[in-house]
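**Q** give the three-dimensional model of this entry:
(4 chains)
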Number of protein chains: 2
Amino acid sequence: MDLVQIYQCLCDPTRLRILHLLTQTPLCVCHFQEILNEPQVKISKHLAYLRERGMVVAEREQNWMIYSLPKKPDVELEANLKCLQDCVQTDPVFKRDLRNLEKVRAKSDAPAGALFV
Amino acid sequence: MDLVQIYQCLCDPTRLRILHLLTQTPLCVCHFQEILNEPQVKISKHLAYLRERGMVVAEREQNWMIYSLPKKPDVELEANLKCLQDCVQTDPVFKRDLRNLEKVRAKSDAPAGALFV
DNA sequence: TTGCTATATTCTCGTTTGAGTATATTCTCT
DNA sequence: AGAGAATATACTCAAACGAGAATATAGCAA
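**A** Just a heads-up that it's a prediction; the model follows:
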């Protein structure tokens, strides 16, 4: 029942926001800090939590660690991320995150591997 | 973000199996005990957890407490239960639960409010 | 080297969780 | 009233969690 593991990853607001952002584009840690407006430790630890459970993958690019969803995610993870995107449409927090993502994109001071369009 | 609460409810195997069964039919506690083959306390406490968070509702019928999904569940809960049903198709545990549900139905020693067809 | 930036890890602490044992409650039937 | 069935609650304990503070690591640039 890896489903349970997926739900465990989804059941914290910070992780939920991280995964939601990753459905849009790969991002590095400092992007998350800026978009979510949360301290580095917090971001980093939740990313580690997700990484250990295979919900995200990390790749170093010079000084930055670029996080993204796995190339070929489980069917279950994919289904749930789809569901998440549906559920999230009206929520102000997630909407703000997306707006902040756009701002970060606009600045585009990012390593090549992050912030795909 | 009540979404988080929903995921918190989904992130335990017993609760997941309970909710999955409830997508099929209302059930009382002793049914869960029999179908899931878990002790009464365990079932009862997880049902309380779900009840407190509005994921299930309970109604007494004589000696039995009949649990069911709320008449009009949140959009989010509904979406996730749908997603759960999709994800669960191939999982042996959930499949066995459904088979056990049929067995319990066959005996049909149930209060009127439970075990709808 | 030294220093700087980006990120990760360790430690500590209070809270929540999940399980089990024992006990309480509620209803029904006699 | 008393007994039995179905369910709930209290208590205890160990483990996991989430947060913050401090420190460590990795890469890069001078």
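**Q** buried residues, the lowest-mean-pLDDT helix or strand in chain A. List them.
**A** For chain A, scoring each helix and strand by mean pLDDT, DSSP states H and E identifies helix A:92-107 as the least confident one, at a mean of 93. Neighbour counts over helix A:92-107 (16 or more other C-beta atoms under 10 Å in any protein chain shown) mark A:Phe94, A:Asp97, A:Asn100, A:Leu101, A:Val104, A:Arg105 as buried. The C-beta positions use only the backbone N, C-alpha and C, and glycine is treated the same way.
**Q** what about the last one, distance to DNA strand D?
**A** Spelled out, it's A:Arg105. In this structure, A:Arg105 and DNA strand D are 23 Å apart, going by C-beta to the nearest atom of the strand, to the nearest Å.
**Q** same deal with the first one?
**A** Separation of A:Phe94 from DNA strand D (C-beta to the nearest atom of the strand): 16 Å.
**Q** list the contacts for that residue?
**A** A:Arg17, A:His20, A:Val88 (C-beta atoms under 8 Å, 6 or more residues apart in numbering or on different chains).
**Q** which among these end up buried?
**A** A:Arg17, A:His20, A:Val88.
**Q** where does chain A come near chain B, residue by residue?
**A** If contacts are counted using C-beta under 8 Å from any C-beta of the partner chain, the residues of chain A sitting beside chain B are A:1, A:3-4, A:7-8, A:10-13, A:16, A:75-76, A:79-80, A:82-84, A:86-88, A:91, A:93.
**Q** only whichever of the residues you listed are buried, select them in PyMOL.
**A** Remark: buried members of the residues of chain A next to chain B, expressed as a PyMOL selection using 16+ other C-beta under 10 Å:
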select buried, chain A and resi 3+7+8+10+11+12+13+16+76+79+80+83+84+87+88+91
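**Q** on that earlier part again, would you turn the buried ones among the contacts of A:Phe94 into CSV with distance to B:Ile43?
**A** Converted to CSV, those look like this (distance: C-beta to C-beta, whole Å):
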residue, distance to B:Ile43
A:Arg17, 33
A:His20, 33
A:Val88, 32
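**Q** just put those residues in a markdown table and tack on distance to DNA strand D.
**A** Compiled in a markdown table, those are given as follows (distance: C-beta to the nearest atom of the strand, whole Å):
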| residue | distance to DNA strand D |
| --- | --- |
| A:Arg17 | 11 |
| A:His20 | 16 |
| A:Val88 | 18 |
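**Q** ok, A:Asp12 to B:Asn63 distance?
**A** For A:Asp12, the distance to B:Asn63 under the criterion C-beta to C-beta, to the nearest Å works out to 39 Å.
**Q** and the helices in chain A?
**A** Counting by DSSP state H, chain A forms helices over residues A:2-10, A:13-22, A:29-36, A:40-52, A:75-88, A:92-107, given from the N-terminal end onward.
**Q** relative to B:Ser44, which of these is closest?
**A** Set against B:Ser44 and scored by C-beta to C-beta, those come closest in helix A:2-10, at 20.3 Å.
**Q** what lies in contact with the closest one?
**A** The set of residues that contact helix A:2-10 without belonging to it, under C-beta under 8 Å, 6+ apart, is A:15-16, A:19, A:49-50, A:53, A:55, A:74, A:76-77, A:80, A:84, B:4, B:7, B:10-13, B:16, B:84, B:87-88, B:91.
**Q** now that helix and helix B:92-107, what's the angle there?
**A** 110 degrees (axes from the mean of the first three to the mean of the last three C-alpha atoms, to 10 degrees).
**Q** touching DNA strand C at all, helix A:2-10?
**A** No: when contact is scored as C-beta under 7 Å from any atom of the strand, no part of helix A:2-10 falls within range of DNA strand C; the minimum is 8.3 Å.
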